[in-house]
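Visitor: This is a predicted model, with the sequence first.
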Amino acid sequence: MNRRRFLGAGLASAAAASCGVGPTRSGTAPPPTALVDGGVVALAAVPHLRVERHDPLAGRCRYVADLGSRKVVQPVLVARRGETFDAVIENALPQPTTVHFHGLTLPEAQDGAGFDPIAPGARKRVRFDVKNRSGLYWFHPHPHGFTAEQVYGGLVGLVIVTDDDDAAVDAALGLVAGNRLALAVAEARVVGGAIRPYAPSAEDCLTGWFGNRALVNGALDAERVVAPGWARLQILNACNARGLLLAFRDGDSLVPFSLLGTDGGLLDAPRQVERAFLYTGERVDIAIDLAGRRAVTAVSLEFDPRHHAHAAVPRHHHPARDRYAPLAAATVCESSVRGDQEGRLPDGAELALFAMRVEGRATRDAPPPPPRLSDLPDAAAGSQAATRRMRLDFDEQAGFLIDQTPYRPDEVAFSVSRGMREVWEIRNSPISMPHPMHLHGFGFRVLRRQGTYGAARRFATESGGRFPTDLGVKDTVVLWPNETIWLAVDFALPADAAFRGAQRYMFHCHNLEHEDGMMMRNFAVV
Ligand code: C2O
Ligand code: CU
Ligand code: CU
């Protein structure tokens, strides 16, 4: 399809939607577009994506989609399942970068995982078809040793994939235009009104880099105006390291909400909750009934994050870093052990995320949430699935590691035959901290948790000791200290030519300081 015509169609529908024409109908209406500031762009309509640093003092960066007739800063890409991304990525940063599409099933050459970084000043054409279920996915840099700095610098992009199930949910909720939001919640260290550049001390590199203010789609103090009735929110935790205990406050009370979906799309049926853990890299799709309310604030509630590793602080060294300057004039992981703590709000402290102001009059009662959302089957391991065991440990020299092995870009830790089903049994040490573990290329199902204690224990309300946020198709899952978790992974790959031959993927912790700090392994699907 002609790019410009496709985009034109998207814009026309956005204009129509903003007049409040009511719910989208499955099959007839284009994707819901009244979503975001940044600007919604059809994924198939982006010919050129530039990665640039626009504030060298603070090291702030952004994505710019060049559509020919106009440029969109920090675009939110919307695609129907099956559509094609075909764009030239231009790296205008002073460091190598990649664009990794987190959660999408892509061949190695398009995955942007860091095997093939784009040098400063260079370009790369990236082309793929969107194969995944509807849901919120995202893109971010993944060049080893630079990932945390660049993501903190602002390089976070959202991808909304839609399909008929997705549109049916909007219709069933009677969603009005403006009440569907896609939000990337990151954070910044703000001191004296200014965002501090990325300058983690050695200790920050051990625990993760924490800020003190939420950035929602890049903005501090974000507020959205919504209409009464249901609001549907797709939320990404794009923080480098902070876990969020997501809840919605109206005055002193918490507003219950329906969990509709997780990383890889809709659940079979909604779950009613009042709060949900959302670790870095994870997403939730929720519906919240705002009828009769004036203002609701999304917060991360206080919790005990169980950071239990207090040993010597290792120093990470990335040979690649010596050849490139930092994004701002600051050192990374090298300052004294404690470093500058100003603007560092500890993990688990309460943090305001964003506000929703409810305006307008309800025209009718909100319908009940739909009882069925998708035909996703229950999580189950294949009958012949072999078990693969992994351990997450702390090493005094190297920091947090998978199987006591620091990341090596040229290593393939293990190979899996295409089409195989495996159960991954992953064990976190009792003397540790939460690790949000992420698998590239393949959605998985969480089968069971064991050894959960502390703050997390009371959220294990589903069978197998699982949290509601463990349901559905996942690509990132948190392991609390002392936990063992069992995942069902299906290594089926599409039959397209693009997936022919051995494909390398990664498995890593999505605490980005841990990822850059070697808590990552490569594996191959052959
Ligand atoms: Cu979101 Cu390997 O990353
Ligand atoms: Cu990923
Ligand atoms: Cu970790």
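Guide: Noted; the coordinates are in hand. Ligands and ions are numbered 1, 2, ... in the order given.
Visitor: So the residue in the stretch 51-200 of the chain positioned nearest to ligand 3, which state does it fall into?
Guide: Nearest to ligand 3, among the residues of the stretch 51-200 of the chain, is Ala148, at 11.6 Å (C-beta to the ion). C-beta coordinates here come from the backbone N, C-alpha and C atoms, glycine included. Following DSSP: H, G, I helix; E, B strand; the rest coil, Ala148 is assigned to helix.
Visitor: Which parts of the stretch 401-526 of the chain are strands?
Guide: With DSSP state E, counting those that start in this stretch as the criterion, the stretch 401-526 of the chain has strands at 415-416, 421-428, 435-439, 444-450, 476-479, 484-490, 503-509, 520-525.
Visitor: Partner strands of the shortest one and their direction?
Guide: The one in question is strand 415-416. Partners of strand 415-416 in the sheet, by DSSP bridges, are strand 520-525 (parallel).
Visitor: C-alpha coordinates for the partner strand, CSV please?
Guide: Below are the C-alpha coordinates for strand 520-525, written out as CSV (Å, rounded to 0.1, in the frame of the first residue of the first chain):
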residue,chain,number,x,y,z
MET,A,520,22.4,-11.6,29.9
ARG,A,521,23.0,-14.7,27.8
ASN,A,522,22.7,-15.4,24.1
PHE,A,523,21.1,-18.6,22.8
ALA,A,524,20.3,-19.9,19.3
VAL,A,525,17.3,-21.5,17.7
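Visitor: Now do it: everything it contacts.
Guide: 144, 402-403, 405, 407, 409, 411-418, 441, 491, 493, 502-509 (C-beta atoms under 8 Å, 6 or more residues apart in numbering).
Visitor: Try it again at 6 Å.
Guide: Under the contact criterion C-beta atoms under 6 Å, 6 or more residues apart in numbering, strand 520-525 has outside partners 402, 407, 411-416, 418, 491, 502-504, 506-508.
Visitor: quick one: contacts for the closest residue to ligand 1 within the stretch 201-350 of the chain?
Guide: Nearest to ligand 1 in the stretch 201-350 of the chain, going by C-beta to the nearest ligand atom, is Gly281, at a distance of 5.0 Å. Neighbour list for Gly281: 436, 438, 476, 510 [criterion: C-beta under 6 Å, 6+ apart].
Visitor: run the last query once more with 10 Å
Guide: Residues in contact with Gly281 (C-beta atoms under 10 Å, 6 or more residues apart in numbering) are 102-103, 138, 140, 236-239, 263, 436-438, 475-478, 508-512, 515.
Visitor: Select only the buried ones of the contacts of strand 520-525 in ChimeraX?
Guide: Here is the ChimeraX selection string for the buried members of these, based on 16 or more other C-beta atoms under 10 Å:
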select :402,407,413,416,491,503,504,506,507,508
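Visitor: The stretch 351-500 of the chain against ligand 1: which residues are in contact?
Guide: Within the stretch 351-500 of the chain, the positions lying close to ligand 1 (C-beta under 6 Å from any ligand atom) are 438, 440.
Visitor: which stretches of the stretch 351-500 of the chain form helices?
Guide: Remark: no helices are assigned in the stretch 351-500 of the chain by DSSP state H, counting those that start in this stretch.
Visitor: residue ranges with poor pLDDT in this protein?
Guide: 1-38, 309-316, 335-339 (pLDDT under 70).
Visitor: OK, now which residue of it is nearest to ligand 2?
Guide: His102 (3.7 Å).
Visitor: Next, count neighbours for Ala87.
Guide: Ala87 has 20 neighbours, counted by other C-beta atoms under 10 Å.
Visitor: That one reaches Leu49, doesn't it?
Guide: Yes. With contact defined as C-beta atoms under 10 Å, Ala87 reaches Leu49; the gap is 5.1 Å.
Visitor: Which single residue in the chain comes nearest to ligand 1?
Guide: Closest point on the chain to ligand 1, by C-beta to the nearest ligand atom, is His102, at 3.5 Å.
Visitor: how near is that residue to Gly112?
Guide: 9 Å (C-beta to C-beta, to the nearest Å).
Visitor: okay, and the common contacts of the two?
Guide: 139-140, 142, 440.
Visitor: out of these, who has the most neighbours?
Guide: Going by other C-beta under 10 Å, His142 tops these with 27 neighbours.
Visitor: How about the contacts made by that residue?
Guide: So His142 contacts 97-102, 111-115, 117, 150-151, 440, 506, 508, 512, 515, 520 (C-beta under 10 Å, 6+ apart).
Visitor: Would you check how far apart it and Gly281 are?
Guide: Distance of His142 to Gly281, computed by C-beta to C-beta: 12 Å.
Visitor: repeat for Gly193
Guide: For Gly193, the distance to Gly281 - C-beta to C-beta - is 29 Å.
Visitor: What is the end-to-end distance of stretch 146-159?
Guide: 22 Å (C-alpha to C-alpha, to the nearest Å).
Visitor: wait, I meant stretch 359-379
Guide: OK, stretch 359-379 end separation, C-alpha to C-alpha: 40 Å.
Visitor: do stretch 153-172 as well
Guide: Per C-alpha to C-alpha, stretch 153-172 runs 38 Å from first to last residue.
Visitor: same deal with stretch 257-269?
Guide: Terminal-residue distance, stretch 257-269 (C-alpha to C-alpha): 13 Å.
Visitor: Over to stretch 424-439?
Guide: 11 Å.
Visitor: Could you do stretch 165-181 as well?
Guide: Stretch 165-181 end-to-end distance (C-alpha to C-alpha) = 17 Å.
Visitor: Name the residues of the stretch 401-526 of the chain found near ligand 3, please.
Guide: 435, 509, 511, 514 (C-beta under 5 Å from the ion).
Visitor: again, only this time at 8 Å
Guide: 433-437, 509-511, 514-515, 519 (C-beta under 8 Å from the ion).
Visitor: which of those residues lies closest to Val76?
Guide: His510 (20.7 Å; C-beta to C-beta).
Visitor: can I assume the closest one is in contact with His435?
Guide: Yes. The pair His510 / His435 is scored as a contact, 8.3 Å apart, by C-beta under 10 Å.
Visitor: Overlap of the contact sets of those two?
Guide: With C-beta under 10 Å, 6+ apart, His510 and His435 have common neighbours 279-280, 477-478, 519.
Visitor: ok, now which ones touch Ala122?
Guide: 89-92, 96-97.
Visitor: If we use 7 Å, what do you get?
Guide: Neighbouring residues of Ala122 by C-beta atoms under 7 Å, 6 or more residues apart in numbering: Asn91.
Visitor: before we move on, what about the one 3 residues further on?
Guide: Arg125 makes contacts with Val88, as judged by C-beta under 7 Å, 6+ apart.
Visitor: what is it paired to in the beta sheet?
Guide: Bridge pairing for Arg125 - DSSP bridges - gives Val88.
Visitor: Relative to Gly103, how far out is it?
Guide: Distance from Arg125 to Gly103, by C-beta to C-beta: 22 Å.
Visitor: do His144 as well
Guide: Applying C-beta to C-beta to His144 and Gly103 gives a distance of 20 Å.
Visitor: Neighbour count: those two, which is higher?
Guide: More crowded of His144 and Gly103, by other C-beta under 10 Å: Gly103, with 31 against 23.
Visitor: Does the more buried one touch Thr476 like I think?
Guide: No. Look at Gly103 against Thr476 with C-beta atoms under 7 Å: they stay out of range, at 8.2 Å.
Visitor: Quick check: neighbours shared by these two?
Guide: Asp263.
Visitor: Flag every residue of the stretch 201-350 of the chain that's near ligand 2.
Guide: So far as C-beta under 8 Å from the ion goes, the stretch 201-350 of the chain lies against ligand 2 at Gly281.
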